[in-house]
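# When you get a sec, could you give me coordinates for this:
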Amino acid sequence: MTSNSIKILSGDINQGLAEKVAARLGLPLAKINIFRDSNRETSITIGESVRDEDVYIICQVGCGEVNDRILEMLIMINACKTASARRITAVLPNFAYARQDRKDKSRAPITAKLMANMLQTAGCNHVITMDLHASQIQGFFDVPVDNLYAEPSVVNYLKSEIMHNVNGQPGDHTNTIIVSPDAGGAKRAAALADRLDLNFALIHKERARANEVSRMVLVGDVKDKVCVLVDDMADTCGTLAKAADTLFEHGAIKVIAIVTHGILSGRAIEIINNSKLDRVVCTNTLDLQTKMDQCPKLGIIDISGVLAESIRRLHNGESVSYLFRNVPL
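Modelled structure (predicted):
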């Protein structure tokens, strides 16, 4: 790609995904200077002209110092706006606060809506994200939102890593089954099972309190099967570990978890290492390099190609819907 009208920006932390996206587009990351004062205030200066440019700001927020990363992203957006950028697109592979998308208790905030308001106020003209926890969050924005899907990349991974024999040819995968760890993910599991021509099962979970599952009930037959747990995010990983225990109690021979957003907070790494999960595979919407060093069970599905192709298509005015079902080469 030779166009000079695209600028790709990223913060000074977790630039790995942004560098991969930029490399796929054949572009360098734009220069940006970030200073943090002793009182932790952030000062940002764009190191090159973005006047009348198509700017894409890639931020991996959702784990670690989430609030600091969000504010850094908002300041970058506003810096580009005041520098007369033609269009500013926030690329948020993982949309922070997506779980706070409704008023589920008295006096609770709808923080996902607040995120939408802040992005627009800062000067954002477009948003690219992946596997929103709740699709209706797109309606919180008055600017276009492209919600990409990890499903095509997951399908490719399963076909190449699990459903093929040692010679790389399609093998007998009748003993593979897709499992949703909760009722909310049933639609996701069913869609994936349909694309792979597999059966799927469902686990109904009952929570004693937030982030703590008390009991799980399996709906479906997993005896002598390789179970693939699919979910949109893994936070503390308590649900995945308990789901694996439940599946083994019902005769499963192997359990693999595939999630889009590997938040992996708190004791997540310890829980995975001590669980019966054979593997936990996440996309790189969040930076997991340091956690992979601590957990040999972790695997990565690279989605930089999907993001890069979505940027190229948006810049050239092409349809993005092709990426909903296909992985770019």
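# residues of the longest helix seen in the chain that come out buried?
Scanning the chain for the helix with the most residues, using DSSP state H, yields helix 66-82. Neighbour counts over helix 66-82 (16 or more other C-beta atoms under 10 Å) mark 69-81 as buried. Every residue, glycine included, has its C-beta placed from N, CA and C.
# give me every residue that touches residue 115.
70, 95, 96, 97, 140 (C-beta atoms under 8 Å, 6 or more residues apart in numbering).
# Tell me how far residue 185 lies from residue 324.
Per C-beta to C-beta, to the nearest Å, residue 185 is found 18 Å from residue 324.
# rewinding a little: the longest helix of the chain packs against which elements?
Applying 3 or more C-beta pairs under 8 Å, 6 or more residues apart in numbering; DSSP states H and E, we find helix 66-82 packed against strand 42-46, strand 54-58, strand 87-92, helix 111-122.
# Would you mind listing the buried residues in the longest one?
By neighbour count on 16+ other C-beta under 10 Å, the buried set for helix 111-122 is 112, 113, 115, 116, 119, 120, 122.
# What about the nearest residue to the fourth one once chain neighbours are set aside, how many residues nearby?
In this case it means residue 116. Nearest non-adjacent residue to residue 116, counting by C-beta to C-beta, 6 or more residues apart in numbering: residue 140, 3.9 Å away. A total of 18 residues lie near residue 140 under the criterion other C-beta atoms under 10 Å.
# how far away is residue 140 from residue 112?
Residue 140 is 6 Å from residue 112, by C-beta to C-beta.
# for residue 216, same thing?
With C-beta to C-beta as the criterion, residue 216 and residue 112 are 28 Å apart.
# could you give me the average pLDDT of stretch 240-259?
Stretch 240-259 carries an average pLDDT of 94.
# That stretch: which residues count as buried?
Using 16+ other C-beta under 10 Å as the test for burial, stretch 240-259 gives 240-244, 246-247, 250, 252, 254-259.
# Could you do stretch 178-189 as well?
Across stretch 178-189, burial judged by 16+ other C-beta under 10 Å covers 178, 179, 180, 181, 182, 185, 186, 188, 189.
# Show me where the stretch 151-300 of the chain has its strands.
Taking DSSP state E, counting those that start in this stretch to define them, one finds strands in the stretch 151-300 of the chain at 176-180, 199-209, 212-219, 226-234, 254-262, 279-283, 298-301.
# what would the ones you listed look like in a markdown table with distance to residue 60?
A markdown table is the format used below for the strands of the stretch 151-300 of the chain (distance: least, C-beta to C-beta, whole Å):
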| stretch | distance to residue 60 |
| --- | --- |
| strand 176-180 | 26 |
| strand 199-209 | 28 |
| strand 212-219 | 27 |
| strand 226-234 | 14 |
| strand 254-262 | 10 |
| strand 279-283 | 11 |
| strand 298-301 | 13 |
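# Not counting its own residues, what contacts stretch 190-208?
In contact with stretch 190-208 (C-beta under 8 Å, 6+ apart) are residues 151, 154-155, 158-159, 163, 173, 176-183, 186, 189, 213-222, 227, 230, 239, 242-243, 246-247.
# Try it again at 6 Å.
Here stretch 190-208 makes contact (C-beta atoms under 6 Å, 6 or more residues apart in numbering) with 155, 176-183, 186, 189, 213-220, 222, 230, 243.
# Repeat that for stretch 247-266.
Under the criterion C-beta under 6 Å, 6+ apart, residues 62-63, 94, 131, 150, 154, 218, 222-236, 240, 244, 276-283, 285-286, 288, 291 lie in contact with stretch 247-266.
# I'd like to know which helix or strand in this protein has the lowest mean pLDDT.
One helix or strand of the chain scores below all others by mean pLDDT, DSSP states H and E: strand 212-219, with a mean of 76.
# start to end distance for stretch 27-35?
End-to-end distance of stretch 27-35: 24 Å, with C-alpha to C-alpha, to the nearest Å as the criterion.
# and that stretch, which residues are buried?
Buried residues in stretch 27-35, counting neighbours by 16+ other C-beta under 10 Å, are found at 27, 29, 30, 32.
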